[in-house]
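> The sequence isn't on hand, but the structure is:
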Ligand code: ACO
């Protein structure tokens with residue numbers, strides 16, 4: 001096998017690679033992607049297989065520990081996730097003081113940083129595994145809390161008799177007037193949504209987690225950086241941007257052709273949200289799964305969503321348009337995921353938070369791997385300097 005460490009101290013060349021499109025910043029055994037063929041595997045297992053058969057918690061265990069859990073391991077994980085599901089009561093005060101209308105991603109990132117003060121990390125390997133489970137369990141609780149408090153509603157505490165996903169939906173929607181009735185189809189849909197988002201090798205937010213971790217900053221600080229990076233509309237914020245785009249088309253009655261024409265006009269900053277990907281140059285395998293799920297879930301709920309029809313028409317036109325064909329632009333996971341979240345009654349501004357809950361095991365697994373990799377160094381890219389040559393300092397009275 002090639003010894004990567006032999007390249008470690010080679011200097012003298014600087015590669016100009018904006019956005020690191022051709023730079024491998026690490027070696028990783030977690031996720032395999034083939035962007036030409038549209039293949040995605042976690043620890044060797046195809047995403048289709050996991051989406052069909054696994055739960056999100058099994059998938060999280062697989063990513064973090066490198067193998068599927070045995071029945072005992074899964075049971076112990078479930079017990080611990082229940083034990084760790086509460087967040088410190090004092091943290092509710094933080095939530096209450098965010099101004100109304102704060103974006104839930106800003107709240108989530110801030111709260112994860114705050115978690116570090118309540119649960120200082122580091123220590124033994126066993127401590128670290130505990131912190132991984134703290135994060136998995138508490139981030140889900142905090143996400144639901146932020147939603148409830150943003151609506152001026154009382155928080156609903158986690159229940160020990162419910163699974164990870166059912167618990168989340170219950171914390172979001174239960175009320176004394178309308179007790180939440182767990183719908184297994186929605187629980188399964190949420191499991192699949194989270195599995196599809198669980199890891200995607202060195203994407204923007206995962207790279208942010210690794211970069212921050214490379215300075216030996218704490219786990220919680222690294223994960224909060226991941227949430228911040230995910231917020232942007234070119235990354236995890238795209239699911240929100242897609243629905244806002246589809247809603248605008250629906251409300252304003254723009255034709256599909258007009259939208260496609262705007263997306264192709266390079267003078268117009270508008271892009272067809274949920275289309276295109278740095279790595280996939282074919283149909284995103286996650287988008288295939290989630291598109292099928294839209295039909296299945298709406299069918300089971302006997303609901304119709306006009307946004308799904310608009311999305312399908314946009315896809316149909318885009319996939320035969322020479323611009324989209326030449327640029328290899330296909331639907332990515334975000335194009336249809338919002339339709340599934342809407343069917344669950346998740347509000348649009350919570351969509352990126354849902355992505356963050358899903359991506360959390362990937363961030364943790366990648367952070368862990370980087371900490372255990374002796375060839376990892378502090379992340380410190382170079383640049384191509386384009387500024388002035390040596391210039392003299394001018395006294396303030398001599399400046400024009
Ligand atoms: N609509 C119209 N044109 C597009 C789109 C789009 N959605 N995406 C890319 N292009 C065009 C660009 O204008 C560019 O054209 P040019 O070469 O003629 O100038 C070309 O395709 C390449 O685009 P880049 O921005 O250089 O591609 P990059 O790999 O840097 O970006 C990205 C990938 C950010 C995903 C981009 O396709 C995009 O902005 N998509 C819309 C936002 C989105 O859906 N993000 C979610 C990504 S998936 C995820 O994070 C889970």
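Sure thing, it's come through. Values in this document were obtained by computation on a predicted structure and should not be read as measured data. Numbering: from 1, shown residues only.
> Would you mind listing the buried residues in the helix or strand hosting residue 241?
Element membership of residue 241 [criterion: DSSP states H and E] is helix 238-252. Residues of helix 238-252 classed as buried: 238, 239, 240, 241, 242, 243, 244, 245, 246, 249 (neighbour count, 16 or more other Cβ atoms under 10 Å). Glycine gets a C-beta too; all of them are placed from N, C-alpha and C.
> count of residues packed around the closest residue to the ligand within the chain?
Scanning the chain for proximity to the ligand using Cβ to the nearest ligand atom identifies residue 276 as nearest, at 2.3 Å. The tally of other residues near residue 276 (other Cβ atoms under 10 Å) stands at 21.
> for residue 383, same thing?
Other residues close to residue 383 by other Cβ under 10 Å number 7.
> The one 4 residues further on too?
Using other Cβ under 10 Å, residue 387 has 5 other residues around it.
> How about the residues of the chain by the ligand?
Within the chain, the positions lying close to the ligand (Cβ under 6 Å from any ligand atom) are 19, 234-235, 238, 263, 271-278, 327, 329, 332-334.
> Now the buried members of these.
Looks like the residues of the chain next to the ligand have 235, 238, 263, 271-277, 329, 332-334 buried, using 16+ other Cβ under 10 Å.
> Any chance of JSON lines for the residues you listed, columns secondary structure and pLDDT?
Below are those laid out as JSON lines (DSSP: H, G, I helix; E, B strand; the rest coil; pLDDT from 0 to 100):
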{"residue": "235", "secondary structure": "coil", "pLDDT": "93"}
{"residue": "238", "secondary structure": "helix", "pLDDT": "93"}
{"residue": "263", "secondary structure": "helix", "pLDDT": "95"}
{"residue": "271", "secondary structure": "coil", "pLDDT": "95"}
{"residue": "272", "secondary structure": "coil", "pLDDT": "96"}
{"residue": "273", "secondary structure": "coil", "pLDDT": "95"}
{"residue": "274", "secondary structure": "coil", "pLDDT": "95"}
{"residue": "275", "secondary structure": "strand", "pLDDT": "96"}
{"residue": "276", "secondary structure": "coil", "pLDDT": "96"}
{"residue": "277", "secondary structure": "coil", "pLDDT": "95"}
{"residue": "329", "secondary structure": "coil", "pLDDT": "97"}
{"residue": "332", "secondary structure": "coil", "pLDDT": "94"}
{"residue": "333", "secondary structure": "helix", "pLDDT": "94"}
{"residue": "334", "secondary structure": "helix", "pLDDT": "94"}
